[in-house]
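# with the sequence up front, the predicted model follows.
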Amino acid sequence: MTEIDLATQMRNKAGESFRSGYNCSEAIFTAFRELVAPDLNPELVRVFTGYGGGLGHAGCMCGALTGSVAILGLLTGRVNNEGDREKCYEHARNFHDRFEQKYSATCCRVLNPHPFDTTEHLKNCLKITGNTAKMLTEYLTEKNLVPADK
């Protein structure tokens, strides 16, 4: 599968998850779990629930962005308090900066000024979630973080 095909597939998977009722962050997790950590229990989606709506409808950091950073943590985070955290920090910062460059903001209420759960809000979140999944796939591929068999 080519990078473009995989990026499109992941964009579509995240969009389908969002359309099925998952929030933005949950949709990123459900789309990427199988790709990056298939052994993880799917019920761990609960860890991502509070990130939706910019941290529980607070309108702060976009849930698609925070979900993506969590995926980067699954791949590059440390496993104990003695491990090096700089590699993960670097990926988190780089992805944050790409997201901000693309959308000119990282704050949910700036990215999507419509009232939560209105048709306009959901349409906009769907686009942001899908495109963030595509951007994350491109980033993972560029940084050689996608498992070789995918």
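Okay, I see it.
# ok now the helix or strand hosting Tyr89, how far from the chain's centre?
Per DSSP states H and E: Tyr89 is located in helix 86-103. Centroid displacement of helix 86-103 relative to its chain, using Cα atoms, centre = their mean, to the nearest Å, is 12 Å.
# and if you look at stretch 97-106?
For stretch 97-106, the distance to the chain centre is 13 Å (Cα atoms, centre = their mean).
# go on, stretch 30-50?
Stretch 30-50 sits 11 Å away from the centroid of its parent chain (Cα atoms, centre = their mean).
# quick revisit: okay, buried residues for the helix holding Tyr89 please.
Neighbour-count burial for helix 86-103, counted by 16 or more other Cβ atoms under 10 Å, picks out Cys88, His91, Ala92, Phe95, His96, Arg98, Phe99, Tyr103. Every C-beta, even on glycine, is put in place using the N, C-alpha and C of the backbone.
# and the next helix or strand past that helix?
Later in the chain than helix 86-103, the nearest helix or strand by DSSP H and E is helix 108-111.
# which parts of stretch 50-67 are buried?
Buried residues in stretch 50-67 (16+ other Cβ under 10 Å): 50-55, 59-67.
# which element is the closest residue to Cys60 other than its chain neighbours on?
Spatial nearest neighbour of Cys60, chain neighbours left out: Gly54 (4.4 Å); criterion: Cβ to Cβ, 6 or more residues apart in numbering. Per DSSP H and E: Gly54 is located in helix 52-55.
# contacts for that helix, please.
Surrounding helix 52-55, the residues in contact under the criterion Cβ atoms under 8 Å, 6 or more residues apart in numbering are 23-26, 59-63, 66, 107-109, 116.
# can you pull the contacts of the residue lying closest to Arg109 once chain neighbours are set aside?
Nearest residue to Arg109 in three dimensions, chain neighbours excluded: Gly59, at 3.3 Å (Cβ to Cβ, 6+ apart). Residues near Gly59 by Cβ under 8 Å, 6+ apart: Gly53, Cys107, Cys108, Arg109.
# lovely, talk soon.
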